[in-house]
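S.K.: I would like to see how this sequence folds:
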Amino acid sequence: MAQQTLLSDIEIAEALTELPEWARSGDSLVRTVKAPTFPAGIELVREVAEVAETANHHPDIDIRWRNVTFTLSTHSAGGLTALDVALAHEIDRLVTRAG
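M.R.: Numbering: from 1, shown residues only. As a prediction, this is how the structure comes out:
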């Protein structure tokens, strides 16, 4: 994977206008999804894992019963990059589809 350029604070703020369910937490984007059931939450994680593997960009995932928290950051770049914004959009797409 090529070196990714860190996004500026302005670029991150602009990206978050299109990602209303996400919040910035330091050098990460974070979203918690409440799945209708525990198995539905696990299925969402499986689908996100496939997208992440294809993109070679992997979120941190915390599963607590029906609550699944995704944390995105490009660790190799030391913060937020376009990879994180793109993966956030993909996660939103999967959440909406699972809806």
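
S.K.: Name all residues that make contact with the nearest residue to S73 once chain neighbours are set aside.
M.R.: Distances taken as Cβ to Cβ, 6 or more residues apart in numbering put S28 closest to S73, at 4.2 Å, once the chain neighbours are dropped. In short, each C-beta sits where N, CA and C put it, glycine included. By Cβ atoms under 8 Å, 6 or more residues apart in numbering, the contact set of S28 is 71-73, 80, 84.

S.K.: Nearest to D62 among these?
M.R.: Distance ranking of these against D62, using Cβ to Cβ, places T71 first at 7.5 Å.

S.K.: how far away is that closest one from E53?
M.R.: Distance, T71 to E53, by Cβ to Cβ, to the nearest Å: 17 Å.

S.K.: Repeat that for V95.
M.R.: Counting by Cβ to Cβ - V95 and E53 are separated by 18 Å.

S.K.: Out of the two, name the residue with the larger neighbour count.
M.R.: V95 (18 against 10; other Cβ atoms under 10 Å).

S.K.: For the more buried one, what is the enclosing helix or strand?
M.R.: helix 82-98 (DSSP states H and E).

S.K.: buried stuff in that helix?
M.R.: 83-85, 87-88, 90-92, 94-95 (16 or more other Cβ atoms under 10 Å).

S.K.: could you dump those to a markdown table with pLDDT and distance to W65?
M.R.: Formatted as a markdown table, these follow (pLDDT from 0 to 100; distance: Cβ to Cβ, whole Å):
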| residue | pLDDT | distance to W65 |
| --- | --- | --- |
| L83 | 97 | 29 |
| D84 | 98 | 26 |
| V85 | 98 | 28 |
| L87 | 98 | 24 |
| A88 | 98 | 23 |
| E90 | 98 | 24 |
| I91 | 98 | 19 |
| D92 | 98 | 21 |
| L94 | 97 | 19 |
| V95 | 97 | 17 |
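
S.K.: Perfect, that will be all.
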